[in-house]
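Colleague: Generate a structure from the sequence data that follows.
(4 chains)
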Amino acid sequence: MSPLSQVLLDGIFAGGTYALMAAGMALILGVVKVINLSHGAFFTLGAYVAYALAERGIAHPGAAALLSAAIAFAFGVFLGKSFVNPIRSHPFALPVGTLACALLFEQAAQMVWGPHPLSIETGAPWVGPGGLLIRRWGAIAFLSSAALLAGLKGLLATRPGLPLRLIAEDEEIAGSLGMDVEAIRYLTFGGACAMAAAAGALLSPSGAVTPTMGRAPLILSLVVVIVAGMDSIGAIFLLSIGLGILGNACAYLLSPQWSYVALLAAVSLLLAARPAGIVVLAGRSD
Amino acid sequence: MTALLSAEGITKSFGATRVIEGIALSIAPGEPVGLFGPNGSGKTTLVNILSGLLFPDAGTVRFEGKEITRLPIDARYRLGVARTFQIPHPYPALSVHEALRVALAADPGNRSAGEGARGDEEGAIEDLLSRTGLFNQRLVPCALLSQGCLRRLEFARAFACRPKLLILDEVFSALSALDEKELLDLLLAANRDDGTAFLLVSHNPPLLKSLCRRILVLEEGRIVRERRV
Amino acid sequence: MTARFGSLHRLPLVLLIGTAAVFLSTILCVSPGGPALAASLPGTLKIGVLAPLSGPYAAGGTSFVQAATLAVEQANAEGGVSGRRVEIAVGDSQGRVDVAKAEALRLVSREKVSALVGAYLSEETIGVMEVAAAHRTVLIVPVAATAEITDKVRRDHARYRYVFRVGYSLPQWAEMISAFLSDRKVRRYGFVGAGIRWNHELAGTLERMAAAHGITPAYSAFYSAGNPAFDPIAVAAAAASPDIVILGDPGRNSVSFLKRLREVAPALPVLSVGGALGDARLAASIPLSAPVYVQAAAWRGVSPDATAYVERYEQRYGAPPVGYSDTLPYDAVTVLVAAWRTAGSVDSAVVVPVLEFDAFPGVAGTYRFDAAHQARWGAGPGTLHGTFVRWERDGARIVFPPR
Amino acid sequence: MLPSFRGGWPAAGIGLLLLFPLSSPDAFFLDVFTTGFLLAAFAASWDVVGGIAGQVTLGHALPFGAAAYACALLTSLAGWPLPLAVAAAILLAAAVGAGVGTLSAPLSGPFVALLTLALGEIAHEAAAGNTFFSGPGGYAWGGEGGIPVALPWQDAPPFASYYVALCFLCLASFAMLRFSRSGAGLILRAVAGSPITAQASGVPIARFKRLAFTVGSAFAGATGAGFAIHVGRATATDLSLELSFQAATFAAVGGRGTIVGPVVAALVLHVLFQGLSLPPAARVLLYALTLMVTLRFFPGGVVGTVREAAWRVRWKNGTGSFRRRGRGRPGEGGS
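Modeller: Alright, predicted model coming up:
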């Protein structure tokens, strides 16, 4: 195994973890048109559900993902219906409001599970060709993010996804076609929250479970969603993987301390070069 | 007679689609010109290029003999090329009066005039308000204006720079008959009294015929016909 | 536009509730003494405890306050101070200097505490020092390790003589680690920590101290909290093939990193400088294919006092302490109460000389303070020496210092 | 704005705040207010950029922290006198703002927030990760522990800090209000309301965005220098994303683009939640709940929503009334 190829493979996996979070955020941004800063809290919720199940002897990632998705969907629908939808016309109130929601959740998690870090067994990595280690959580993150994004893309391309696409493009037309735009919005919000929680449940074995664990992945997936252009699912996946590889390569070849700075600097440069995001918007009509 | 605005070889693509292909046109001072074309023929893109909101991939735009191809829209406004939008984007929190102050403040001649400019500015705003019939609405926040009033405000905003050329994008669509008539009168008066040239984009051939001396017909990114009325 | 004003019919109600809330809270704030949550009995003595209880550092702060509470209960069970009960008043420092200073002011000026214990992070503690100096209040620093604290005492003794540190300084810390490494016959070590000043200083000091034992660093890396690149660090650390990897971050990152490292190098021993990895619940889920050592101030079995403390803590809070961010605050309170008893007073002018010259038994050993008011830790005789334990499936075993 | 807001309310508030220290509150309460005044000025400076000019920045801690660090370095290391260091710090903050404004001027919407977030985080990482000086004490400076500010005084009396900070807040808010009501402020509000219409009205929007960043950052810098002086040191927290979020939060609650709203929100929220000595868990829960409830019922911020309501009442007949009242006017307008 050459260290560099291991680092690059791990970078792809790290990118998979960003993509997993970014998928839900992009869906919310596209359909509900809201930057959801409570997405990290739902990620944390999923991790705690996985921990609570593992404590009770149910250490199956699928079970944890399903249960946490169900819980998060319920909370997400509530949040979407009672908080996000009523104040949608004030786009600035929402990031702050959802951030407050994340703080609320962090404090609640601290009160329920304690502030101390908790942990679930990781499981030994698989050994791939050439002695490359395939970290379990990494493979799970990569495959599930690819599946999730492909599923989203498929959904948006087919008939059942038509309402989502229409609302993302033009709400007035969607409304005039008799769609219940409000309901579709909060159901989408709930669905995206469920995706975040499932991600948290799947990734929980990779590190420590703490109330504030959702903060770090939130920033990077936010970066991915905004730069990738919000509704281009392929770009989200590619950018996530690219950032993952870049971060790891920088950490290995230059200095780990500056890998975060390198990612942010790369994003800043990208924005300076392409002020409208990496997906060039087609001709805008005035 | 030298052209007020002339364009040559204007070409613009978005990604792989070529929206406009080698357009040439010229507008004489004080000339009312119409632009007609079906949906998707590239009218809006052409208007955006002429007004400076977009820059063409190839070709040149000249105004009074000076090249302005890559001059942004705000600089063109200060030269005297004003445009209105098909869908107005008002400043929600500003009143009509304030919206006009913004347009007047942008004029460097106005700003450098110093102390005395303040009174002139008030006078100019009052003139614009009464010409467009917005005087009673002058203190209303733009967010609360009706569609008709918003269109009137677009006109007032465009007239604030004492334009030599007005580019009007679908400005009479979806208006009440009264609003339409008053704005038409306003446009014709400006053309007659101040010699303001205009390029009027519309779907409506009778309207174009009644207002313009020359109508350009755009199809699939090319000017296919030019009709004189 | 209508959507924008949709909720306005509830405006009067909301305004009313809001006004009432503001009014009520203003009364609460301005009334003397604030909300008297725990009215203290006359004759009780108060110790102000400052620790981050919310946000990312809440884990350390919570066990900090739990241990201080335990120490005060123990002191009261032993008769208090000259028959007076001891109480603690807690301030949440939130990991911020400005808040830590404000809370210290609240404890001093409103709660009328006789001494302060805290804070947790170095930057908070430096801020609190100023409050303690300005109000001539004794401040016992349990965990913050920066040299700036003792250096201020040394340079301006008259102003900062109220500040004492029971926790280890960075050179002492590095000295203890070096002795341990030497005992384990380590020749080359790797050092991994968060990219903060504390870790940079520890790595630098350790390099100097270890050189005396002929031990050299094979690899060192610091990661950023925003995107801790654990995987490449683990790969690079394993590739440098050191005899042991030292984790300089006592928080949750040590857990995440250890997992990543074990995936790449299952047979590489690891030493964590105290903190989260001292938690038995966490240790149950980490791979023990190679030794995982944890440094602690004290551990069950080191002394009868330590065993008694661990048992009391476990009984009270349901889990054993991690041996660092709880043991040191516990000892800080114990030392303070002992000094008050000896001095027969809580007056700083009397207590400071007692702290300067006396010896105070605590869970980790006997505390004596040097000229810079730093407790004497280290590997030499007559010092507090700390403990190194190794995790086994059935619990931790003390491996250093050797019996 | 509601007519009642224009009257003596601000004066009454200032009067109460001036009177407050004379009711002999404890040092803690004065300290909470002092910090509150500085945070309020910071929130107002955010509002110049994020509210008036509509450039939602998540890197507003950058000029704040840059000024704090400049103030600390220039006094402690270079030995400059404090007033000179503060002036230099404010200039530096304004320059930083101009730089950020130049970079973000071509961007719009969430891209502005993203770029400023990235720049702020880079600065925070640089400050937290660099132990850049070996100070006179033989120990490292910089890093998360920050750098001390060398002050010509020791242990400033709390009421003095209180009055200085209050004075600063009043002057700064007044200056920012004046700026927002000036011609440049009007143009910035137009840029915020509809950049495309502003541009089509001849406004060079990039230049005005840069102006907003420069002015807002200069005020943020003045606040940052004041904060460093009050706390006694500049730390990496002064550059943190949390601080930028805090300013944005105050603006969201108070009402973006009103200057007064963010100031009042910052004062009320900070004093309520830091000054009430609530248990930590209750403090966080109440803080988050208050934010959510306030935003749920005042989504445009308290002052913003009230102002919209006032418009609504005043211009109830604004929409559609034109046709009746305006009849016959264009004839005379055309002449």
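Colleague: is the helix or strand harbouring residue A:251 anywhere near chain C?
Modeller: Per DSSP states H and E: residue A:251 is located in helix A:233-253. Yes. On the criterion C-beta under 8 Å from any C-beta of the partner chain, helix A:233-253 is in touch with chain C at A:247-252. In this view, the C-beta of every residue, glycine as well, is placed from N, C-alpha and C.
Colleague: Which residue is it, in chain D, that comes closest to chain C?
Modeller: Closest residue of chain D to chain C, C-beta to the nearest C-beta: residue D:143 (2.5 Å).
Colleague: gap between that residue and residue C:222?
Modeller: Residue D:143 sits 11 Å away from residue C:222, taking C-beta to C-beta, to the nearest Å as the criterion.
Colleague: Looking at these two, which is more packed in?
Modeller: Set side by side, residue D:143 and residue C:222 show unequal neighbour counts under other C-beta atoms under 10 Å in any protein chain shown, the larger going to residue D:143 at 25 against 22.
Colleague: ok now do that one, which residues does it touch?
Modeller: Residues near residue D:143 by C-beta atoms under 8 Å, 6 or more residues apart in numbering or on different chains: C:196-198, C:200, D:127-131, D:236.
Colleague: still on that earlier bit, tell me the phi and psi of the residue of chain D closest to chain C?
Modeller: Backbone torsions of residue D:143, given as degrees, to the nearest 10, read phi 70, psi -160.
Colleague: Please name the nearest non-neighbouring residue to it.
Modeller: Spatial nearest neighbour of residue D:143, excluding adjacent residues (C-beta to C-beta, 6 or more residues apart in numbering or on different chains): residue C:197 at 2.5 Å.
Colleague: I'd guessed that neighbour sits against residue D:144; true?
Modeller: Yes. Contact status for residue C:197 versus residue D:144: in contact at 5.7 Å, counting by C-beta atoms under 8 Å.
Colleague: Got the confidence number for the residue of the stretch 51-200 of chain A at minimum distance from chain B?
Modeller: In the stretch 51-200 of chain A, the residue that lies nearest chain B is residue A:89 (11.0 Å; C-beta to the nearest C-beta). With respect to pLDDT, residue A:89 has a value of 83.
Colleague: I'd assumed residue D:299 was in contact with it.
Modeller: Yes. Contact status for residue A:89 versus residue D:299: in contact at 7.3 Å, counting by C-beta under 8 Å.
Colleague: Looking at those two, which one has more neighbours?
Modeller: Between residue A:89 and residue D:299, residue D:299 has the larger neighbour count (other C-beta under 10 Å), namely 25 against 16.
Colleague: I'd like to know how many residues surround the residue nearest to residue D:143.
Modeller: Using other C-beta under 10 Å: residue C:197 sits among 26 other residues.
Colleague: Show the contacting residues for it.
Modeller: When contacts are counted by C-beta under 8 Å, 6+ apart, residue C:197 touches C:122, C:146, D:131, D:140, D:142-145.
Colleague: Tell me how far it lies from chain A.
Modeller: As judged by C-beta to the nearest C-beta, to the nearest Å, residue C:197 and chain A stand 12 Å apart.
Colleague: What values do phi and psi take at that residue?
Modeller: Torsion angles, degrees, to the nearest 10, at residue C:197: phi -60, psi -40.
Colleague: Please apply the same query to residue C:195.
Modeller: Torsion angles, degrees, to the nearest 10, at residue C:195: phi -80, psi 60.
Colleague: Tell me if I'm right that it and residue C:223 touch.
Modeller: Yes. Using C-beta under 8 Å, residue C:195 is in contact with residue C:223, at 6.0 Å.
Colleague: so which strand or helix has residue B:60?
Modeller: Assigned by DSSP H and E, residue B:60 falls within strand B:58-63.
Colleague: Parallel or antiparallel, list what pairs with that strand.
Modeller: strand B:5-14 (antiparallel), strand B:66-67 (antiparallel) (DSSP bridges).
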